[in-house]
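Trainee: Just the structure for this:
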Amino acid sequence: MKKYSAISSICMFLLIATGCTKDFIDINTNPSKLTQVGSRELGFMFSRAQSAALYHRPYYQTISILMPDLYAQYYALTTTSFTTDRYALNDTWLSRPGIITYVFAMPQLQAIFDATEPTSAEYALANIMKAYVFHRYTDQFGPVPYFGAGSTASSIAYDTQQQIYDDLFKRLDSASTNLKSAGVTNVFGAQDLIYGGDVSKWIAFANTLRLRMALRISKVDPQRAKLEAEAAVAGGVMTTNAESASIERSLNGDDANGLAFNAAANEFSMSSTMASYLKGYSDPRLAILFQPAVGSGQFKGLRNGSSATAINLAGNRPAQTSNIGTRWVQRNGNAWVGNLTVRQEVMATAEAFFLKAEGALNGWNMGTGTARSFYEKGIELSMQQWGVSDNAAIQNYINSSALPAAPADEAGSPAVSETPIKWASSETAQRAQIGTQKWIAIFPDGVEAWSEFRRTGYPVMYPLLQSDNADLPLGTFIKRLPYSSVEATTNADALQKARELLGGADNAATRVWWDVD
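Mentor: Below is the predicted model of the structure:
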């Protein structure tokens, strides 16, 4: 067994954040602090990486709710304190996804890599988490430091998304293969906060993640996408809700559920886009994912990009719009109280079926079934995941002719689209249906939903009412997050080369590698 030094992997933090010098010195000079990792510490390191990778409580608001969740139009802001809903980005927040990646997640995973054999089950689980962490990170920014992360060099090169995806596919493939041949059924036990160490579920998760990533590159590299997607399905993706991934949250340290914690502040509501679809479809999940407005008892959304004046309209105030569902936050007298220990969603089995539905439309071998059967099974599983158990109601929904409706918001918005629920006859409509139902099913994962909206254009969303970003005029949507000024001051030479890899300006209007139309 190898031993791991904290020095190499913590250095990346110094390149992307400030205020860490004291901790860095303490960790590496104080004998009472952990500087080496043996087998007994591996499970703890894995759980810490998991908790951070899913955006633990201190970071959830700024790097999930106030950026990708808004850009996926799950929510809209009911406060004038923040401007990111109008695409006015906060430079400080832009550095925080990097802190999650290079400070809180990767040092823990690298410790496992350095302390275990590459064919071990522990190494495999660390590989899967690395793929999960980095595909989310690079999908938001484009080129990022990957192969050189953890280096002590004064300048760390940025790698292209194509290079990063190539390596992540290889890691997921080897992880699935090695877990199948490891001869164990459980790794890390209760210290695995997602699956409790269940190896069979991790294999399904790895292959579903591989399928997700294959669809992500399907327009820019269709041959590689087909290869990876078919291998993922052959390897075994998620098939039942028992395999859906969620992470345990607790009151220990900073491990509380960040969505629940911030929902108690009541500074965001259901968006008008979400309201148009869920209300128009008479979707049984509406009353599970959101709550009626306190002031009216009605489900009501708010348009993204509302001006400060519009936000302050009486009908847009928090008491008049819908907070998220009682799973996360409940009303107690005149206050909202967050359910801080509720498990946090990571990846739903329903997503696997929507991915297979799209793959089938692409002509790929997605196993037994058709695009339609995969689509309908995805809806069924999503309903059941959220507690809708009446099969007759589920089947009525699947066969419904309902369309999105005018959301009855203060902006007087019309219906957001004409995307039906019942399987359509044209492939264009079918792709819209898959994208729309997948968007509903993967709630509240705004990081993934925003990526898929950029890739597919679905679901159809309302344009912003106001944009405060000169690079994103009205009628356009945000394409990526720019690099923060911290990177410009600490890794300037490498950042300049990274900007050349972008194929456009380092702003929110430039598309990432896989976003080709």
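
Trainee: going forward, measure contacts and count neighbours with C-alpha atoms only.
Mentor: Fine.

Trainee: Neighbours of the residue nearest to R480 when sequence neighbours are not counted, how many?
Mentor: Nearest residue to R480, sequence neighbours excluded (CA to CA, 6 or more residues apart in numbering): A508, at 5.0 Å. Using other CA atoms under 10 Å, A508 is surrounded by 23 other residues.

Trainee: Could you say which helix or strand holds Y483?
Mentor: Secondary structure assignment for Y483, by DSSP states H and E: no helix or strand.

Trainee: from what I can see it touches D506, true?
Mentor: Yes: applying CA atoms under 8 Å, one finds Y483 in contact with D506, separated by 7.1 Å.

Trainee: check contacts around the residue nearest to R480.
Mentor: A508 makes contacts with D471, L472, I478, K479, R480, L481, P482, as judged by CA atoms under 8 Å, 6 or more residues apart in numbering.

Trainee: List buried residues within these.
Mentor: Using 16 or more other CA atoms under 10 Å as the burial test, the contacts of A508 include L472, I478, K479, R480, L481, P482 as buried.

Trainee: Going by secondary structure, T489 is in what exactly?
Mentor: Assigned by DSSP H and E, T489 belongs to helix 485-490.

Trainee: quick one: buried residues of that helix?
Mentor: Within helix 485-490, the residues that qualify as buried are V486, E487, T490, counting by 16+ other CA under 10 Å.

Trainee: How much space separates the residue nearest to R480 from L472?
Mentor: Look at A508 and L472: by CA to CA, to the nearest Å, they are 7 Å apart.

Trainee: anything in contact with each of these two?
Mentor: Contacts common to A508 and L472, judged by CA under 8 Å, 6+ apart, are I478.

Trainee: So, low pLDDT: which residues of the stretch 1-150 of the chain?
Mentor: Where the stretch 1-150 of the chain drops to pLDDT under 70, the residues are 1-37, 150.

Trainee: any low-confidence regions in the chain?
Mentor: Ranges of the chain meeting pLDDT under 70: 1-37, 150.

Trainee: Centroid-nearest residue for it?
Mentor: V447 (3.2 Å; CA atoms, centre = their mean).

Trainee: which other residues reach the host helix or strand of I379?
Mentor: I379 belongs to helix 371-385 when assigned by DSSP H and E. Helix 371-385 is contacted from outside by 240-241, 284-285, 348-354, 356-361, 389, 394-395, 398, 423, 434, 437-438, 441, using CA under 8 Å, 6+ apart.

Trainee: Pull out the buried positions in that helix.
Mentor: For helix 371-385, by 16+ other CA under 10 Å, it's 371-372, 374-385.

Trainee: Which of these sits closest to P107?
Mentor: Nearest to P107 among the buried residues of helix 371-385: Q385, at 33.5 Å, using CA to CA.

Trainee: measure that closest one to Y75 for me?
Mentor: Counting by CA to CA, the gap from Q385 to Y75 is 21 Å.

Trainee: same question, K219
Mentor: In this view, K219 and Y75 are 28 Å apart by CA to CA.

Trainee: Would you mind telling me which of those two has the busier surroundings?
Mentor: Between K219 and Y75, Y75 has the larger neighbour count (other CA under 10 Å), namely 31 against 16.

Trainee: nearest spatial neighbour of S400, skipping sequence neighbours?
Mentor: Using CA to CA, 6+ apart and skipping residues adjacent in sequence, the residue nearest S400 is K422, 5.6 Å away.

Trainee: Secondary structure class of the one you found, three-state.
Mentor: coil (DSSP: H, G, I helix; E, B strand; the rest coil).

Trainee: Quick check: it vs N127, distance?
Mentor: K422 is 39 Å from N127, by CA to CA.

Trainee: more neighbours, those two?
Mentor: Higher neighbour count among K422 and N127: N127, with 26 against 18, using other CA under 10 Å.

Trainee: Next, the contact list for that one, please.
Mentor: Per CA under 8 Å, 6+ apart, neighbours of N127: L109, R171, L172, A175.

Trainee: Work out for me the element the nearest residue to the second one once chain neighbours are set aside sits within.
Mentor: It refers to R171. Spatially, and ignoring its direct neighbours in sequence, R171 is nearest to N127 (5.8 Å; CA to CA, 6+ apart). Per DSSP H and E: N127 is located in helix 121-141.

Trainee: What is the distance between that helix and the centre of its chain?
Mentor: 12 Å (CA atoms, centre = their mean, to the nearest Å).
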